[in-house]
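[1] got a sequence here, can you build the structure:
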Amino acid sequence: MAASHWDYVIVGAGSAGCVLANRLTEDPQVRVLLLEAGPRDRHPLIHIPLGMGKMHDWTMFDWGYHTDPEPALNNRRIEAMRGKVLGGSSSINVMAYTRGHRGDYDRWAANGATGWSYADCLPYFRRCETWEGGANEYRGGDGPLGTESARTTDPLFPAWMEAARQAGLPVTEDYNGAQGEGFGRSQYTIRNGRRSSTANSFLRPAESRPNLRVETGALTTRVVLEGGRARGVEYIHHGMTVRADADREVILASGAFNTPQLLMLSGIGPADHLNSVGVTPQVDLPVGENLQDHLAAMITYSRPRNASPFRDSMRFDKMAWSMIQAYFFGTGAGTVVPGGLHAFIKTQPDLPVPDIEFMFRGVPAKADMWFPGVKAPYEDGFGIRPCLLHPESRGKVMLHSSDPAAPPRIAYNFFSAPNDLPRLREGFKRARDVASQMALDPYRGEELSPGPSVKTDDEIDAYLRRAALTAHHPAGTCKMGTDSQAVLDPQLRVRGVDALRVVDASAMPDMVGAHINACVIMMADKASDIIRGRDPLPAANV
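    Residues are numbered from 1 along each chain as shown. This is a model prediction of the structure:
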């Protein structure tokens, strides 16, 4: 099989891969091939911020993964959405821009991920970003990724902020700034009224470079190993098997499910497991172990008074015009996400980092379009979703078979660690307490789910077991570090294999207390300097 030759072959054009493609091709002498299994990101719903709801409802640009039955969640198979399109999950996510607490990164560094402390990472967060408020010691002012504050005018969200104060919880001006703890106005990866995915912000400016080639519809089937070195990859494109060789490195950036799957298909992983599915082991490493994700459950309320302004905008004729405005001009209601807050709290004051996030829903789950005389407006409502930020439970990603087209096996083992369920239960109680404050009286109707009859710890636990879902932040399956469970060293190189690196959420040693997209973009930007042999940006002194 004849092979094309490149300096770098990057597998996966998601949050990390697009960043890497941009940064590595800044050197005109370097030739890069970027492979993506999904299509190009041409669909309007990707770029209109409000389009995310329909993409999720219709499972568009999604790998369609589900977990194995989860024993502690009533044996439910949990949906595990991952983006399959240029931009990856950054093209289909809810666009939340949250970095996590500085203590998350300092914990990484203290546990063996040398060079990944908060002081090391903050300069890369800043370099990636153009924050609408301009540059300061925490925020960037001229990076590719556009970020902005929530633009909703719903008075519900200021009421939530006041309810937090009444409940004795902190409020912060910028949870991505000096104070990472508290209730703060949401921030999103939106720029000029359009989703600022990594495909839009990083890849698009680089695609005109003659030293970058992007192949979509390309399913990578294995890393080619010869003499202990990654020589290239094989992938299927238009029904044909193609080989691409990398003279410098193969870089896997396919995410916490697909990267370990590809490594194992290539013979890099737990030897016993590989033998059991008919793959010949080449390098025995704990690939696929250490799987983590954020688990959350919604508490919802009716809103019988002071209806959300979003409901009025969902009238069919208004929304049709809003989507046209959003797509062609980047203006109007289609550019405004109906969420206004995120909160990061400590359930115990002596914790080093927040252990619970509150995600807020400004509309009911079924906020459908309506029109007078044809369909009545939906019953208005809102919700608060407590989320466990630092689970101790660990799962794994495995192979079903040696078939590259088969989905991976995903087993989270949620609530298998004894502290996780009590911690989420405490977050649930704190969420209810905030929702009960006087500031929300003008908006709050009855509690719809789980309902006021769910009161005792056992009843709350039963609700969490039947209702909890992931926040779609899988990580950790190829952890970096120096201990025996590390698949990667702190430079993100696969142990025991030359010229093979992993740059995506699978490299995280453990969970950051945030929606992980911002973190993955930072990691890829920092990794690009490591790969190019450049000095790291000077450490921050804040």
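
[2] mind listing residues that contact stretch 220-229?
    For stretch 220-229, contacts defined as C-beta atoms under 8 Å, 6 or more residues apart in numbering pick out 11, 35, 37, 230-236, 241, 243, 245, 250, 252, 254, 262-263, 265-268, 282, 404, 496-500. C-beta coordinates here come from the backbone N, C-alpha and C atoms, glycine included.

[3] these in helices, which ones?
    If you go by DSSP state H, those have 262-263, 265 in helices.

[4] now, which of these sits nearest Ala326?
    Nearest to Ala326 among the ones in helices among the contacts of stretch 220-229: Leu262, at 36.2 Å, using C-beta to C-beta.

[5] separation between the closest one and Gly255?
    Taking C-beta to C-beta, to the nearest Å as the criterion, Leu262 is separated from Gly255 by 10 Å.

[6] ok so, going back, now the ones in helices among the contacts of stretch 220-229 as a markdown table including pLDDT and distance to Ala72?
    Formatted as a markdown table, the ones in helices among the contacts of stretch 220-229 follow (pLDDT from 0 to 100; distance: C-beta to C-beta, whole Å):
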| residue | pLDDT | distance to Ala72 |
| --- | --- | --- |
| Leu262 | 98 | 29 |
| Leu263 | 98 | 28 |
| Leu265 | 98 | 29 |
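
[7] among those residues, which one lies nearest to Lys318?
    Distances from Lys318 to these, taken as C-beta to C-beta, are shortest for Leu262 (45.5 Å).

[8] can I get stretch 52-60 as CSV, trimmed to CA atoms?
    The C-alpha coordinates for stretch 52-60 follow below in CSV (Å, rounded to 0.1, in the frame of the first residue of the first chain):
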residue,chain,number,x,y,z
MET,A,52,-27.8,23.2,19.6
GLY,A,53,-31.2,22.1,21.0
LYS,A,54,-32.4,20.6,17.7
MET,A,55,-28.9,19.0,17.1
HIS,A,56,-29.2,17.3,20.4
ASP,A,57,-32.9,16.3,19.9
TRP,A,58,-32.1,14.8,16.5
THR,A,59,-28.7,13.3,17.5
MET,A,60,-27.0,15.2,14.7
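
[9] if any of the contacts of stretch 220-229 are buried, put those into a ChimeraX selection.
    Selection of buried members from the contacts of stretch 220-229 for ChimeraX, criterion 16 or more other C-beta atoms under 10 Å:
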select :11,35,37,230,231,232,233,234,235,236,245,250,252,254,262,263,265,266,267,268,282,404,497,499,500
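
[10] among the contacts of stretch 220-229, name the ones in strands.
    The members of the contacts of stretch 220-229 that map onto strands under DSSP state E are 11, 35, 230-236, 241, 243, 245, 250, 252, 268, 500.

[11] hang on, the earlier thing: nearest to Gln348, of the ones in helices among the contacts of stretch 220-229?
    Leu263 (38.0 Å).

[12] isn't the closest one up against Pro286?
    No - assessed by C-beta atoms under 8 Å, Leu263 is found out of contact with Pro286, at 10.8 Å.

[13] if I pick the residue nearest to Gly255 when sequence neighbours are not counted, what's in contact with it?
    The spatially closest residue to Gly255, leaving aside those adjacent along the chain, is Asp504, at 5.3 Å (C-beta to C-beta, 6 or more residues apart in numbering). By C-beta under 8 Å, 6+ apart, the residues touching Asp504 are 12, 14-17, 252-256, 259, 520, 523-524.

[14] wait, what's in contact with Arg126?
    Arg126 sits next to 135, 138-140, 143 when contact means C-beta under 8 Å, 6+ apart.

[15] what helix or strand does it sit in?
    helix 118-128 (DSSP states H and E).

[16] which residues does the following helix or strand past that helix contact?
    As assigned by DSSP H and E, the chain's next helix or strand after helix 118-128 is strand 129-131. Strand 129-131 has contacts (C-beta under 8 Å, 6+ apart) with 139-148, 191.

[17] out of the residues you listed, list just those in strands.
    145-148, 191.

[18] could you dump the residues you listed to CSV with distance to Gly445?
    Converted to CSV, these look like this (distance: C-beta to C-beta, whole Å):
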residue, distance to Gly445
Leu145, 38
Gly146, 37
Thr147, 34
Glu148, 31
Arg191, 36
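
[19] now what about stretch 476-485, what contacts it?
    Against stretch 476-485 from outside (C-beta under 8 Å, 6+ apart): 111-114, 116, 256-257, 259-260, 263, 286-292, 394, 396-397, 486-490, 492, 494, 502, 505-511.

[20] how about Arg107, what does it touch?
    Taking C-beta under 8 Å, 6+ apart as the test, what Arg107 contacts is 352-353, 510.

[21] give me that answer again for 10 Å
    101, 113, 116-118, 352-353, 390, 509-510, 512 (C-beta atoms under 10 Å, 6 or more residues apart in numbering).

[22] swap in Thr114?
    Going by C-beta under 10 Å, 6+ apart, Thr114 touches 108, 120, 480-482, 489-491.

[23] any idea how far Ala307 is from it?
    Distance check for Thr114 against Ala307: by C-beta to C-beta, it reads 53 Å.

[24] with Val542 instead?
    From Val542 to Ala307 the distance is 42 Å (C-beta to C-beta).

[25] what do you get for Ser449?
    Ser449 is 20 Å from Ala307, by C-beta to C-beta.

[26] same deal with Ser313?
    Taking C-beta to C-beta, one finds Ser313 at 11 Å from Ala307.

[27] more crowded one of those two?
    A side-by-side neighbour count of Ser313 and Ala307, using other C-beta atoms under 10 Å, places Ser313 first with 18 against 14.

[28] that one against Gln325, yeah?
    No - contact criterion C-beta atoms under 10 Å: Ser313 and Gln325 do not qualify, at 11.4 Å.

[29] tell me, what's touching the two both at once?
    Joint contacts of Ser313 and Gln325 (C-beta under 10 Å, 6+ apart) are 332-334.

[30] before we move on, back to that, closest to Trp6 out of the ones in helices among the contacts of stretch 220-229?
    For the ones in helices among the contacts of stretch 220-229, the nearest to Trp6 is Leu262 (17.4 Å; C-beta to C-beta).

[31] so what's the closest one up against?
    Leu262 touches 11-12, 219-223, 233, 252, 254, 268, 287, 404, 408, 502, counting by C-beta under 10 Å, 6+ apart.

[32] please tell me how far the nearest residue to Ala307 once chain neighbours are set aside sits from Gly339.
    What sits nearest to Ala307 in space, not counting adjacent residues and going by C-beta to C-beta, 6+ apart, is Asp380, at 4.8 Å. Separation of Asp380 from Gly339 (C-beta to C-beta): 15 Å.

[33] and Ile530, by the same measure?
    35 Å.

[34] higher neighbour count, the two?
    Legend: neighbour count by other C-beta under 10 Å for Ile530 and Gly339, higher for Gly339 (22 against 16).

[35] that one: what's it in contact with?
    Contacts here follow C-beta under 10 Å, 6+ apart; on that basis Gly339 touches 94-96, 150, 152, 154, 157, 186, 188, 310, 359-363, 382.

[36] mind checking the SS state of it?
    Three-state assignment for Gly339 (DSSP: H, G, I helix; E, B strand; the rest coil): coil.

[37] same check, this time on Gln491
    Under three-state DSSP, Gln491 comes out as coil.

[38] hmm, it is touching Leu500, no?
    No - between Gln491 and Leu500 there is no contact, the gap being 11.7 Å when judged by C-beta under 10 Å.

[39] just the helices in the stretch 401-542 of the chain please.
    Secondary structure of the stretch 401-542 of the chain (DSSP state H, counting those that start in this stretch): helices at 420-435, 457-467, 517-532.
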